[in-house]
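Undergrad: the sequence and its predicted three-dimensional model are supplied below.
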Amino acid sequence: MATTKKTETKAAEKKTATKTAAKAETKTAAKTAAKTAEKKTATKAAAKKTPAKKTAAKKAAPAKKAAATKKTAAKVNVFVEFGGVQVSIDEVVQNVKKTNGKSAKELTVYIKPEESKAYFVADGVEKEMDVFFC
């Protein structure tokens with residue numbers, strides 16, 4: 001008899017836990033649906049109000065751009081060292097542009113100091129030039 005009561009108690013606990021979980025899932029689903037409905041309503045209301053706000057946003061944007069450029073005004077110098085000699089990346093890029101002979105929309109440069117060469121791709125055309133580590 002004691003075993004039967006324990007089994008019945010465990011079965012009742014499982015049913016209660018299952019019902020509680022189902023109720024929690026229903027409440028969560030209802031909350032999610034309510035939040036989604038609120039977001040849709042807020043989005044629609046914001047979409048209706050946006051035409052009036054666009055002019056104010058356009059006027060404020062130039063001031064923000066000016067502030068951002070002041071912060072990023074730092075100059076970075078990069079060098080490649082090989083055999084105790086260093087060459088500036090800016091110098092190599094300028095020489096690549098001269099070697100190419102025309103301005104390129106896209107320029108990719110690969111430097112191989114062990115060969116004293118710079119390989120580059122200018123608008124899809126592969127070329128190479130010597131880099132002097134003097």
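TA: Good, I have the coordinates. Numbers count the residues shown, from 1 in each chain.

Undergrad: point out where this structure drops to low pLDDT.
TA: Low-confidence segments of the chain (pLDDT under 70): 1-73, 134.

Undergrad: go again with 80.
TA: For the chain, residues meeting the criterion pLDDT under 80 lie at 1-73, 133-134.

Undergrad: domain map for it?
TA: The chain is divided into the following domains under automatic domain parsing: 1-74, 79-130.

Undergrad: what's the closest non-adjacent residue to Ser88?
TA: Residue nearest to Ser88 in three dimensions, not counting chain neighbours: Phe79, with 5.5 Å by CB to CB, 6 or more residues apart in numbering. From N, CA and C alone the C-beta is placed, and that goes for glycine too.

Undergrad: now do Ser103
TA: Ser103 sits nearest to Lys97 (CB to CB, 6+ apart), 7.4 Å away.

Undergrad: and the one you found, that's in a helix?
TA: Yes - counting by DSSP: H, G, I helix; E, B strand; the rest coil, Lys97 is part of a helix.

Undergrad: so how far is Ala118 from Phe132?
TA: With distances defined as CB to CB, to the nearest Å, the gap from Phe132 to Ala118 amounts to 10 Å.

Undergrad: more crowded one of these two?
TA: Here Phe132 and Ala118 are compared on neighbour count by other CB atoms under 10 Å; more neighbours surround Ala118, at 22 against 8.

Undergrad: contact partners for that one?
TA: Val92, Asn95, Val96, Val109, Tyr110, Ile111, Lys112, Glu128, Met129, Asp130, Val131 (CB atoms under 8 Å, 6 or more residues apart in numbering).

Undergrad: I'd like to know which of these are part of strands.
TA: Cross-referencing the contacts of Ala118 against strands under DSSP state E gives Val109, Tyr110, Ile111, Lys112, Glu128, Met129, Asp130.

Undergrad: of those residues, buried ones?
TA: Neighbour counting over the ones in strands among the contacts of Ala118 (16 or more other CB atoms under 10 Å) leaves Val109, Ile111 as the buried ones.
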